[in-house]
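**Student:** Let me see the structure of the following:
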Amino acid sequence: MKLRHRLIRYSVYRSMILNFLLLTAIIIAVVCGGLFALFSWSTAKEVGNISEAMLQQNSFVSKVIKDQVYNLGNQLLNSKEIMAVMVDRERDRIKEFHAVNELRSVQANYPFIQMIGIYNPQSAQYINTSGVSFEQEEAHLSRLESRRNAYFNFIPRTVSLPTAGNRATNVLTFLLLPSYYTQLPTGGSVIVIDINESYVQRMIGGYKNYSSDSLFVMNEEGLVVTHSDPQLFMSNVANEPYASRILTAEAPTGNFTMQIDGRKNLVSYAKSQDMDWVFVNVSKYDNLLFNMNELRWSALGIAVAMFVISLLISIWLTNHTYHPIRKLLDKFVGQMTVEKQRSVNEMALLDTKFAAMTGQLSAMESTHAAASRAELLHYFKGSQAGAEAKLLQDWEGVPLLAVMIKIDSLDAFRRANASKMQSLKHFAVGNIAEELVGMYMECKLIIIEEGELGMLVRTGEEQCPPQLVAQLQELQSKVSSYFHMELSIGIGPVVHTLAQIRDSYRYAKECHQRRFFEGKGRIFEYERAHEAAQETPEPSYPLRTERKLVEGIRSSSRSKAAAEVEAFLKEMSRCEYQQALFFLNQLALSLYKQFHTDSPSDGTDLISGLFQRLPAYETLQEIGEELKQIAGQLAERLEEAASQHNNQVIHEVQAFVDEHYARADLSLEWMAGEVKLSRGYLGRMFKAQCGMSFSDYLNRVRLEQAKELLRSDEPIQQISERVGILNTTYFYTLFKKNYQMSPSQYRAQLSNNLNNTTEN
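**Tutor:** Now for the predicted structure:
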């Protein structure tokens with residue numbers, strides 16, 4: 001009843017409670033609605049980023065498939081039976097039989113392959129592992145006759161395979177043209193490799209997001225290569241707005257929202273770098289939050305509960321806030337006067353009583369308008385324009401400048417001092433600065449933020465006075481002596497109005513960017529830094545130096561890599577601060593791409609750490625030392641990896657020679673082709689590892705086997721052929737050179753030794 005009486009009678013009370021309710025209602029609506037919208041947006045964005053990252057992983061599927069197809073093609077080209085069918089000009093059924101058996105043997109090792117076939121147009125031969133006739137394959141085989149301009153060709157299609165009960169099967173057909181290479185006959189054969197489309201879908205399906213509605217791959221023409229919905233295989237989506245946007249996008253990955261079939265969807269994509277494939281994921285926006293409706297009702301329930309609570313709080317606050325007004329009203333106006341009025345405007349009554357006191361209150365206003373440190377801080381940062389009128393009274397119309405003092409090695413300062421000690425040292429540095437500079441000119445000191453102190457100085461001169469620089473140098477000396485800290489100081493340009501002091505403060509901060517190039521513990525004046533920046537031409541990215549650095553690392557030369565790092569840093573010293581950071585990030589990214597492999601010890605963890613720490617470095621020299629260490633460690637890891645690989649290759653070569661020494665065609669050149677190295681490189685590596693040439697090692701193995709065979713009565717000519725030396729004369733010469741006797745003499749010696757043993 002009392003609340004109802006006050007609401008009807010007193011206008012101020014009514015306004016207060018209504019304003020409280022309106023304010024709380026607006027706040028509740030804004031907070032709840034804003035949080036819900038922000039949560040929904042951030043969740044969709046995070047899902048989009050996760051989906052984009054998953055698609056980037058999926059894009060490696062194209063590389064895996066391409067590498068597998070290339071490896072399979074190389075394996076087929078190394079088969080004598082298959083090559084015989086590919087190059088024959090006349091059809092040979094026996095060769096076809098052996099080739100089909102070889103194809104099936106190869107296919108058995110690749111369960112994802114649906115069919116392998118060989119087509120030789122010169123002999124009108126078409127063989128495959130699934131019994132598909134040439135007439136069924138003629139359509140896409142003939143398409144290649146008019147254009148033989150690539151080794152690797154790809155066609156998605158549906159084919160009926162006898163081995164699968166003539167059931168229509170979606171396959172990804174890869175056509176390899178060996179005749180594309182000049183060392184093979186031109187106008188020749190085609191290798192047909194069919195991969196089951198469901199295999200590719202299973203590979204990318206492992207990365208499918210729970211909220212995904214469709215996950216598919218299309219080529220650059222918009223043709224679907226594989227789809228989570230098999231019915232959409234080979235459909236053309238190029239005319240769809242979202243597909244058209246993806247195909248025309250320059251970015252290799254991305255995500256966006258778009259209306260599809262009248263519903264909002266989140267679309268993510270990633271373009272493959274190895275094939276003209278684009279991996280696409282489409283998710284309905286409403287499905288990104290599986291409990292969206294529950295969240296809406298929960299938010300509404302919370303808002304209603306908060307409003308009820310705010311209503312009670314508003315009544316309580318209004319009563320307690322209105323009580324002093326009521327007492328003031330009774331005191332100055334009179335309780336009886338108020339009670340006689342049916343409707344009361346409390347403020348109007350008080351305004352009448354206080355009108356006579358306005359002149360007195362104006363006279364009592366304080367004339368103290370000097371800015372405090374807090375006001376100056378807000379004004380420097382531009383967040384309190386009201387402080388400008390007070391500051392103008394004392395600082396306007398005289399030459400001013402801003403000074404910015406920074407503590408060098410801030411991270412080390414934090415680690416070496418507790419929070420309380422850090423505050424004390426900040427305070428001490430500020431007091432010393434204000435005392436030294438204040439001896440010759442008026443100044444005002446403020447603490448901007450951790451590790452930074454700002455100072456407003458009245459210079460009285462049109463340029464930075466030398467005395468100010470001298471006092472700041474004295475400050476650096478005292479702080480270094482007392483606290484073992486270094487300070488870098490930036491001095492802004494002289495300005496003539498307080499409105500320009502923010503510019504002087506901003507330029508003073510920019511002067512500190514020279515610390516990155518020139519080192520710590522220095523004083524940087526804006527005029528000098530500005531002149532140096534104007535005289536320095538804008539450099540371009542030192543790509544040549546980067547390449548030399550990569551070459552130095554790959555050559556496992558720490559000294560060369562360190563020299564190239566120094567050359568790169570020299571180029572950076574000619575740049576502006578932001579441009580230098582950009583170039584250093586670009587170098588780190590390039591090194592990451594150059595040396596990134598699937599091996600956990602490839603060294604890219606070092607480069608990733610550099611990415612994270614790069615913004616924290618205060619000087620270019622610190623970054624240079626880190627780069628030298630990273631380059632040296634990368635060189636060592638590459639050298640270690642190369643050594644391990646070389647040892648493995650040599651062991652494989654030795655094992656092969658020990659087992660196949662009897663092959664007459666065994667040579668260094670043939671062996672180099674087997675291990676896919678050049679003849680000269682394998683020869684040098686073999687001699688370095690084994691201490692002898694490949695030929696000497698092969699001859700030693702053959703002669704040791706010959707010595708064992710000479711214990712029998714087998715003719716020496718046959719023994720020579722059995723160990724792989726077809727020329728008996730050369731065998732005699734080689735044997736005598738190594739054992740200082742001929743094979744016959746060695747056999748006779750063995751016989752004499754045997755007879756002596758028997759007689760004894």
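
**Student:** For residue 234, which non-adjacent residue is spatially closest?
**Tutor:** Leaving out its chain neighbours, the residue that sits closest to residue 234 by Cβ to Cβ, 6 or more residues apart in numbering is residue 156, at 5.5 Å. The C-beta positions use only the backbone N, C-alpha and C, and glycine is treated the same way.

**Student:** residues contacting that neighbour?
**Tutor:** By Cβ atoms under 8 Å, 6 or more residues apart in numbering, residue 156 lies in contact with 170, 171, 172, 173, 197, 223, 224, 225, 226, 233, 234.

**Student:** swap the cut-off to 10 Å and go again
**Tutor:** 170-173, 197, 200, 217-219, 223-226, 233-234 (Cβ atoms under 10 Å, 6 or more residues apart in numbering).

**Student:** Can I have the buried ones of those as a ChimeraX selection?
**Tutor:** Entered in ChimeraX, the line below selects the buried ones among those, by 16 or more other Cβ atoms under 10 Å:
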select :170,171,172,173,197,200,217,218,219,223,224,225,226,233
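
**Student:** The contacts of residue 156 in strands, which ones?
**Tutor:** Using DSSP state E, the subset of the contacts of residue 156 located in strands is 170, 171, 172, 173, 217, 218, 219, 224, 225, 226.

**Student:** who's the last one bridged to?
**Tutor:** Pointing back at residue 226 there. For residue 226, the beta-bridge partners under DSSP bridges are residue 217.

**Student:** Which parts of the stretch 351-500 of the chain are helices?
**Tutor:** Here the stretch 351-500 of the chain has its helices, by DSSP state H, counting those that start in this stretch, at 358-363, 373-381, 387-395, 410-416, 419-438, 466-483.

**Student:** Tell me how far the closest residue to residue 152 other than its chain neighbours lies from residue 558.
**Tutor:** Closest residue in space to residue 152, ignoring its immediate chain neighbours: residue 176 at 6.4 Å, by Cβ to Cβ, 6+ apart. Separation of residue 176 from residue 558 (Cβ to Cβ, to the nearest Å) stands at 43 Å.

**Student:** what about these two, which has more around it?
**Tutor:** Legend: neighbour count by other Cβ atoms under 10 Å for residue 176 and residue 558, higher for residue 176 (22 against 19).

**Student:** Please name the residues that touch that one.
**Tutor:** 69-70, 72-74, 76-77, 150-153, 189-193 are the contacts of residue 176 under Cβ under 10 Å, 6+ apart.

**Student:** what pairs with it across the strands?
**Tutor:** On the basis of DSSP bridges, residue 176 is bridged to residue 152, residue 191.

**Student:** Just the buried residues of the contacts of residue 176.
**Tutor:** 69, 72, 73, 76, 153, 189, 190, 191, 192, 193.

**Student:** nearest spatial neighbour of the fifth one, skipping sequence neighbours?
**Tutor:** When you say that, I think you mean residue 153. residue 175 (4.1 Å).

**Student:** quick one: that neighbour from residue 95, how far?
**Tutor:** 22 Å.

**Student:** more crowded one of the two?
**Tutor:** residue 175 (21 against 18).

**Student:** correct me, but that one touches residue 154?
**Tutor:** Yes - if you go by Cβ atoms under 10 Å, residue 175 and residue 154 touch, sitting 7.5 Å apart.

**Student:** joint contacts of those two?
**Tutor:** Common neighbours of residue 175 and residue 154 (Cβ under 10 Å, 6+ apart) are 69, 193.

**Student:** re earlier: secondary structure element holding the residue nearest to residue 234?
**Tutor:** strand 152-161 (DSSP states H and E).

**Student:** ditto for residue 100
**Tutor:** Residue-wise, residue 100 maps onto helix 93-108 under DSSP H and E.

**Student:** per-residue confidence averaged over stretch 646-664?
**Tutor:** The average pLDDT within stretch 646-664 is 85.

**Student:** mind listing what's buried in it?
**Tutor:** Buried-residue list, stretch 646-664, by 16+ other Cβ under 10 Å: 646, 649, 650, 653, 654, 657, 661.

**Student:** what's near enough to touch the residue nearest to the third one when sequence neighbours are not counted?
**Tutor:** The spatial neighbour of residue 650 that comes closest, neighbours along the chain excluded (Cβ to Cβ, 6+ apart), is residue 689 at 4.4 Å. Listed by Cβ under 10 Å, 6+ apart, the contact partners of residue 689 are 643, 646, 647, 649, 650, 651, 653, 654.

**Student:** Assign a three-state SS to the fourth one, would you?
**Tutor:** Using DSSP: H, G, I helix; E, B strand; the rest coil, the structure places residue 649 in helix.

**Student:** Over to the closest residue to residue 459 other than its chain neighbours: give its phi and psi.
**Tutor:** Excluding the flanking residues, the one nearest residue 459 by Cβ to Cβ, 6+ apart is residue 399, at 4.8 Å. Main-chain torsions, residue 399, degrees, to the nearest 10: phi -60, psi 130.

**Student:** so what pLDDT did residue 399 get?
**Tutor:** 84.

**Student:** measure the most centrally placed residue in the chain to residue 443 for me?
**Tutor:** With distances taken as Cα atoms, centre = their mean, residue 589 lies nearest the centre of the chain, 7.8 Å away. Relative to residue 443, residue 589 is positioned 45 Å away (Cβ to Cβ).

**Student:** Pretty sure the residue nearest to residue 459 sits against residue 442.
**Tutor:** No - contact status for residue 399 versus residue 442: not in contact, 11.4 Å apart, counting by Cβ under 10 Å.

**Student:** so where's the stretch 51-200 of the chain uncertain?
**Tutor:** 143-149, 163-164, 180-188 (pLDDT under 70).

**Student:** One more pass at 50, please.
**Tutor:** 182 (pLDDT under 50).

**Student:** Which stretches in it count as helices?
**Tutor:** Counting by DSSP H, counting those that start in this stretch, the helices of the stretch 51-200 of the chain are 60-77, 80-87, 93-108, 134-142, 197-205.

**Student:** What lies in contact with the last one?
**Tutor:** I take that to be helix 197-205. Under the criterion Cβ under 10 Å, 6+ apart, residues 54-55, 57-62, 64-65, 110-114, 156-158, 169-172, 196, 208, 212, 215-217, 224-230, 233-234, 277, 279, 281 lie in contact with helix 197-205.

**Student:** cool, the third one as well?
**Tutor:** In this structure, residues lying in contact with helix 93-108 by Cβ under 10 Å, 6+ apart are 72, 75-76, 79-86, 88, 92, 113-118, 120, 123, 125-131, 191, 193.

**Student:** Name the residues of that helix that come out as buried.
**Tutor:** Neighbour counts over helix 93-108 (16+ other Cβ under 10 Å) mark 95, 96, 98, 99, 100, 102, 103, 106, 107 as buried.

**Student:** With distance to residue 412 added, can I get the residues you listed in JSON lines?
**Tutor:** Shown next, in JSON lines, are those (distance: Cβ to Cβ, whole Å):
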{"residue": "95", "distance to residue 412": "77"}
{"residue": "96", "distance to residue 412": "77"}
{"residue": "98", "distance to residue 412": "74"}
{"residue": "99", "distance to residue 412": "72"}
{"residue": "100", "distance to residue 412": "73"}
{"residue": "102", "distance to residue 412": "68"}
{"residue": "103", "distance to residue 412": "68"}
{"residue": "106", "distance to residue 412": "63"}
{"residue": "107", "distance to residue 412": "64"}
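
**Student:** Contact partners for residue 582?
**Tutor:** Taking Cβ under 10 Å, 6+ apart as the test, what residue 582 contacts is 541, 575, 576.

**Student:** before we move on, which element is the closest residue to the second one other than its chain neighbours in?
**Tutor:** Counting by Cβ to Cβ, 6+ apart, the nearest residue to residue 575 once its immediate chain neighbours are dropped is residue 539, at 5.7 Å. With elements taken from DSSP H and E, nothing contains residue 539; it lies in neither a helix nor a strand.
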